[in-house]
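Undergrad: Generate a structure from the sequence data that follows.
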Amino acid sequence: MDKNTEIIIKIEALLEDLKQSLGAKPSVKKQGVKGSRGTSHENFSGLTKEIFNLVQEGYFKEPRTISEIAKKLHQRAINKPTTSLMKPLRQLIHKRIIEREKPDGKGHYKYSKVNK
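TA: From the prediction side, this is the model:
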């Protein structure tokens, strides 16, 4: 994804956050920017979209635990328990946007962006 596309995605996410903070209903996007796998960011909403935005920003270049993801979202004023992150993460795994693995087959899963 090129730099201009990333900037557009960030601006759109910020505008949606501003609309929501002002009490406006989120807009329904009819067209979006497609990624290399054909996944359009308008297919996601809510918490899944917020995590997808982190993927687009490069946060998942390094493997992250679910608690690290929750802390990053908390920095953006998205306060959700780690248990509520499991379903959106699973959706992104099924779409092959991120992947998960257990280091040495033990401990907690670590999530990272799928290498193409």
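Undergrad: Quick one: low-confidence residue ranges for this structure.
TA: Counting by pLDDT under 70, the chain has low-confidence residues at 1, 24-42, 116.
Undergrad: Select the longest helix from it.
TA: Of all segments of type helix in the chain, defined using DSSP state H, the longest is helix 3-21.
Undergrad: immediately after that helix, which helix or strand?
TA: Next helix or strand after helix 3-21 toward the C-terminus (DSSP states H and E): helix 46-56.
Undergrad: counting contacts, what elements does that next one pack onto?
TA: For helix 46-56, the helices and strands in contact under the criterion 3 or more Cβ pairs under 8 Å, 6 or more residues apart in numbering; DSSP states H and E are helix 3-21, helix 66-75, helix 82-94. (Glycine included, C-beta is placed from N, CA and C.)
Undergrad: Redo the ones you listed as a markdown table? Include mean neighbour count.
TA: Rendered in a markdown table, the data for the helices and strands packed on helix 46-56 read as follows (neighbours: other Cβ atoms under 10 Å):
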| stretch | mean neighbour count |
| --- | --- |
| helix 3-21 | 13 |
| helix 66-75 | 15 |
| helix 82-94 | 15 |
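Undergrad: just so I know, which of those helices lies nearest residue 47?
TA: Counting by Cβ to Cβ, residue 47 lies closest to helix 82-94 out of the helices and strands packed on helix 46-56; the figure is 4.7 Å.
Undergrad: Extract the CA atoms of the closest one and return them as CSV.
TA: Extracted C-alpha coordinates of helix 82-94, given in CSV (Å, rounded to 0.1, in the frame of the first residue of the first chain):
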residue,chain,number,x,y,z
THR,A,82,-9.1,-8.3,26.0
THR,A,83,-12.0,-10.8,25.8
SER,A,84,-13.8,-8.5,23.3
LEU,A,85,-10.8,-8.4,21.0
MET,A,86,-10.9,-12.1,20.3
LYS,A,87,-13.7,-12.1,17.8
PRO,A,88,-12.4,-9.1,15.7
LEU,A,89,-8.9,-10.7,15.7
ARG,A,90,-10.4,-14.0,14.5
GLN,A,91,-12.2,-12.3,11.7
LEU,A,92,-8.9,-10.7,10.5
ILE,A,93,-7.2,-14.1,10.7
HIS,A,94,-9.9,-15.6,8.6
